[in-house]
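Student: Pasting the sequence and the predicted coordinates here, then a few questions.
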Amino acid sequence: MALPQAKLDATEARISGLSRIPGGAWLDAAQGAALERVLAMGVPGRRDEYWRFTDPAALNAPEAPTAATMTVTDEAPIFDEIDRVKLVFVDGMFDAEASDDPRLAGVEIERLAEAGKTDIHWARDVYGMLEARGQSPVQRPFAALNTAFAQDGLLIRATGKAGRHVHLVYLHESESSDAILHHCIKVEEGAELTVLENGPGAARFNKVMEVEVANRATFNHIRAQGRDHERRAMTHIFARLGAESLFKSFTMTANGVLTRNEAVIEFTGDNASAHVAGAAMGDGDFHHDDTVFITHDAVNCESRQVYKKVLRNGATGVFQGKILVKAGAQKTDGYQMSQALLLDDDAQFLAKPELEIYADDVACSHGSTSGAIDEEALFYLRARGVPKAEATDMLTLSFLAEAIQEIGDETIRDEIHDRLEAWLARRRG
Amino acid sequence: MLEIKNLHVKLEEEDKAILKGVNLTVEAGKVHAIMGPNGSGKSTLSYVLSGKDGYEVTDGSATLLGEDLLSMDPEQRAAAGLFLAFQYPVEIPGVGNMTFLRTAVNAQRKARGEEEMSSADFLKLVRQKAKELEIDADMLKRPVNTGFSGGEKKRNEILQMAMLEPKMCILDETDSGLDVDAMKLVAQGVNALRDAGRGFLVITHYQRLLNHIQPDVVHIMSEGRIIKTGGPELALEVEENGYADLKAEVA
């Protein structure tokens, strides 16, 4: 099916200034195939069903919109207390000087540009492969564009339990940076890896993370997005899960005029678990979109989605979440919860929860709500002497608690909780 | 301590008078009980005194130690020394009971211009008070009232009261939903707090709580007014004859 001319033009305009990392055969082939996908799909427009709630214009524009950088100095850098290897990207490019020695993590870490030159590499079976699988039944053009034109990224492979967490730090220094980053992660059979991220760090940020979790492997992901409010970010996580594997991903978001985080997860082995969760809070022109697609194509797998948003002063929250249970994926246990706390009448929450089930022996539940602060609870706290503003914050954190609880590590959980609390306190004045 | 004069209250949303001229004085060191049938305005009185939204005071006054309660926010009333033990304590998932208690204690101290309680002092005090109320460490750690049984919720109210050391305590139907053992425990907690500087207003539908918390004065409330005041024997009279006789007598 040929694309409408306008869409074709927009797509060509979007990619005209982009260049590919010169690579060996495997990378070259992956980039080429991705470019074909981009040209076949075209960049999305507001009239595309999947983009009904989030305007992709700023992501489509040939030039990145400028975005002021912001440095908050009243808080220590996040995850500072965690034993981890810090790998720093500045405006989407790896900065070896600012980073720790990657070898300290006890896992293989290579830059895409270098590994891409090799003739043969494990990433050949991951790079662009999981992204391509995730293009059906719903198209994700920005992910294909990323595969074709990524400027940088890391290839990370864990073969045992990683000695340290891998912490990817994205700094934003240029007001007009346009970053395209692509990471591939492979957690081999029985191995265990935790990846921490904070950023996004660029005026426009397009990031793809493909994660292959082999049988009995564990992958943990905790991400903090915040600070530079004006940046536009589009991120994708594509995960393929083997038998008895565990995948967990949590995202905290505070601030951001445009953030869309997509998680596309596929169960291919039996008895595996995937938990994805998010806690987002925003003010004013904040726009945050969580789009999740989980495909159950194996027996006795469990998936859990818990997304909570706190919105005020006209902020917008979007949730599009789907659980697809294929025929034969018996004993599937699917849970999906998306909720928004609207702190005033101007805030809005747009939700599209979906279940599509072709197996007959499954348990799936989903719920989506939006509401205001519970007046009874507010009065209860005030009657105990807690001032109204502080009580409202306590109830806001209480609302987010179910999502924050999804973080397994107590130290990280407390830190995320404290960050959210501090964000609220700053707005209390 | 607590002085209520000619208090008239209607619902904010509709033209419905609930309290129609309540007069009541609770002295320091005394326990007053208010009894009355459902719908007589007992709970409304407790809510209006503690500052809940949804009510409009159309006439009269209420003061605590001479300060005008009705012009204060709920948190100011609490800091001034007023405490309401809720009939239905609210569940707050995600906020630890201990965190909540410490926030409340220190918020009140701050409002009064006092120094905040140190973590060590707080922990010591809360453990001691909790033990007296048979509240275990797990209950202190769990989110506020979340998943608590009826008895646990009421004991938790009394624990808050013990920690906050208010001057004037209002107990709203604290006996509802309690079995005899739980009621004894709650009553013990209340009795332990009785002292010369503290006043109590115990609101109850039934006389049985008053076997465990001996009142000095008993008031009967009906249709938004206090229709009769007497000693503890008045509660027994109600138990025996019901409210209908009293109402008839006053009418």
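Tutor: Yep, that arrived.
Student: So which elements touch the longest helix anywhere in chain B?
Tutor: Longest helix in chain B, counting residues (DSSP state H): helix B:233-250. Helix B:233-250 sits against strand B:31-35, strand B:217-222, strand B:225-230, with contacts defined as 3 or more C-beta pairs under 8 Å, 6 or more residues apart in numbering or on different chains; DSSP states H and E. Glycine gets a C-beta too; all of them are placed from N, C-alpha and C.
Student: Select, out of these, the one closest to chain A.
Tutor: Closest of the helices and strands packed on helix B:233-250 to chain A is strand B:31-35, at 18.5 Å (criterion: C-beta to the nearest C-beta).
Student: what mean pLDDT does the closest one have?
Tutor: Across strand B:31-35, pLDDT averages out at 94.
Student: Buried ones in it, by neighbour count?
Tutor: Within strand B:31-35, the residues that count as buried by 16 or more other C-beta atoms under 10 Å in any protein chain shown are B:31-35.
Student: So in that sheet, which strands flank that strand, and in what orientation?
Tutor: strand B:199-204 (parallel), strand B:217-222 (parallel) (DSSP bridges).
Student: most neighbours per residue, which of the helices and strands packed on helix B:233-250?
Tutor: Of all those, strand B:31-35 has the most neighbours on average by mean count of other C-beta atoms under 10 Å in any protein chain shown, namely a mean of 24.
Student: How far off centre is that strand?
Tutor: 11 Å (C-alpha atoms, centre = their mean, to the nearest Å).
Student: same thing with stretch A:217-234?
Tutor: Computed by C-alpha atoms, centre = their mean, the separation of stretch A:217-234 from the middle of its chain amounts to 6 Å.
Student: Isn't residue B:48 up against residue B:19?
Tutor: Yes: if you go by C-beta atoms under 8 Å, residue B:48 and residue B:19 touch, sitting 7.1 Å apart.
Student: ok, now how distant is residue A:45 from residue A:34?
Tutor: As judged by C-beta to C-beta, to the nearest Å, residue A:45 and residue A:34 stand 20 Å apart.
Student: How many residues are close by residue 69?
Tutor: Reading this off chain A. When counting by other C-beta atoms under 10 Å in any protein chain shown, one arrives at 18 neighbours for residue A:69.
Student: You answered for a different chain; I wanted chain B.
Tutor: Other residues lying near residue B:69 total 22 when counted by other C-beta under 10 Å.
Student: The residue lying closest to it once chain neighbours are set aside is in what secondary structure piece?
Tutor: Leaving aside its chain neighbours, residue B:69 sits nearest to residue B:62 (4.6 Å; criterion: C-beta to C-beta, 6 or more residues apart in numbering or on different chains). Residue B:62 is located in strand B:55-64, with elements delineated by DSSP states H and E.
Student: Point out where the chain drops to low pLDDT.
Tutor: The chain I'm using is chain A. Within chain A, the stretches with pLDDT under 70 are A:1, A:71-74, A:429.
Student: not quite, I wanted chain B
Tutor: For chain B (pLDDT under 70), the answer is B:250-251.
Student: OK, contacts around the residue of it found nearest chain A?
Tutor: The nearest approach of chain B to chain A comes at residue B:94, 2.5 Å away (C-beta to the nearest C-beta). The contact partners of residue B:94, by C-beta atoms under 8 Å, 6 or more residues apart in numbering or on different chains, come to A:397-402, A:404-405, B:143.
Student: Of these, keep whichever come out buried.
Tutor: Those of the contacts of residue B:94 that meet the buried threshold are A:397-402, A:404, B:143, by 16+ other C-beta under 10 Å.
Student: Off-centre distance for stretch B:99-113?
Tutor: Per C-alpha atoms, centre = their mean, the centroid offset for stretch B:99-113 relative to its chain is 19 Å.
Student: so residue B:40, which of the three states?
Tutor: For residue B:40, the secondary-structure state derived from DSSP: H, G, I helix; E, B strand; the rest coil is coil.
Student: next SSE after the strand or helix carrying residue A:391?
Tutor: Here residue A:391, judged by DSSP H and E, is contained in helix A:388-404. The C-terminal neighbour of helix A:388-404 among helices and strands, as given by DSSP H and E, is helix A:410-428.
Student: residues in contact with that next one?
Tutor: With C-beta under 8 Å, 6+ apart as the test, helix A:410-428 has contacts from A:75, A:78-79, A:81-82, A:196, A:222, A:224, A:226, A:250, A:252, A:254, A:279, A:281, A:283, A:389-390, A:393, A:396-397, A:400, A:404-405, A:407.
Student: likewise stretch A:140-147?
Tutor: For stretch A:140-147, the external contacting residues (C-beta under 8 Å, 6+ apart) are A:11, A:14-15, A:18, A:30-31, A:34-35, A:37-38, A:41-44, A:56, A:59, A:127-128, A:131-132, A:134-135, A:180-182, A:206-208, A:234, A:236, A:238, A:262, A:264.
Student: now these: which count as buried?
Tutor: For these, a burial check counting by 16+ other C-beta under 10 Å picks out A:11, A:14-15, A:30-31, A:34-35, A:37-38, A:41-44, A:56, A:59, A:127-128, A:131-132, A:134-135, A:180-182, A:206-208, A:234, A:236, A:238, A:262, A:264.
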